[in-house]
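Engineer: Build me a structure from this.
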Amino acid sequence: MQTADRTSTQLTTDPSGSGRTVRVTMNDPAQLRVSNQELATVREAMRELGRLLDQLDEGELEKIVLTQRNQMRAVLITVERYSALERDAA
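Structural biologist: Here you go, the predicted structure:
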C-alpha cells in the first residue's frame, strides 16, 4: 500500500497524439484513476481548451488531468460535477 508521502511514476502515451511515451509522477496514485484520453499537458490545454471543454460538456470525458513537468497538477471538471462534489461533501 502506498502512503501520501510517497510518489509514483507511471509511463503513459503522450496525450497530444505524438505517439511518444511520457513519464507522469504523482503523490498517492491510488486516489486517482486516469485514462490516456483524460491526460493533457498544461501547454496542450492552453492550445486546446475549447475542445477539452466541449469533450467535458458532451460527456466524452469525466475529467481532464493537467500535467506539468511530468507531474499531475490539476483536474478540470464541469461546474455541474464540481457542484455535485461539493453537495456530497457537505
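Engineer: residue ranges of the helices in this protein, please?
Structural biologist: Secondary structure of the chain (DSSP state H): helices at 42-57, 79-89.
Engineer: out of those, which comes closest to residue 67?
Structural biologist: Closest to residue 67 of these is helix 42-57 (CB to CB; 7.1 Å). Using the backbone N, CA and C atoms, a C-beta is placed for each residue, glycine as well.
Engineer: what pLDDT does residue 23 get?
Structural biologist: pLDDT, residue 23: 57.
Engineer: Go through the helices of the chain and name the closest to residue 34.
Structural biologist: Closest to residue 34 of these, according to CB to CB: helix 42-57, at 14.2 Å.
Engineer: Let me see the mean pLDDT of that closest one.
Structural biologist: Mean per-residue pLDDT for helix 42-57: 96.
Engineer: same thing with stretch 65-79?
Structural biologist: Averaging pLDDT along stretch 65-79 gives 94.
Engineer: ok, back up a step: I'd like the helices of the chain written out as TSV, with mean neighbour count and distance to residue 35 added.
Structural biologist: Shown next, in TSV, are the helices of the chain (neighbours: other CB atoms under 10 Å; distance: least, CB to CB, whole Å):
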stretch	mean neighbour count	distance to residue 35
helix 42-57	14	12
helix 79-89	10	16
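Engineer: could those helices be laid out in TSV, adding distance to residue 63?
Structural biologist: Output for the helices of the chain, formatted as TSV (distance: least, CB to CB, whole Å):
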stretch	distance to residue 63
helix 42-57	8
helix 79-89	8
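Engineer: which ones are touching residue 65?
Structural biologist: Going by CB atoms under 8 Å, 6 or more residues apart in numbering, residue 65 touches 32, 34, 38, 39, 40, 72, 74, 75, 76.
Engineer: Isn't the fourth one up against residue 71?
Structural biologist: No - in this structure, residue 39 is not within contact of residue 71 by CB atoms under 8 Å, at 11.7 Å.
Engineer: which of these two has more neighbours?
Structural biologist: Under the neighbour definition other CB atoms under 10 Å, residue 39 and residue 71 were set side by side, and residue 39 has more, 20 against 14.
Engineer: what's the distance between that one and residue 67?
Structural biologist: Going from residue 39 to residue 67 by CB to CB, to the nearest Å gives 6 Å.
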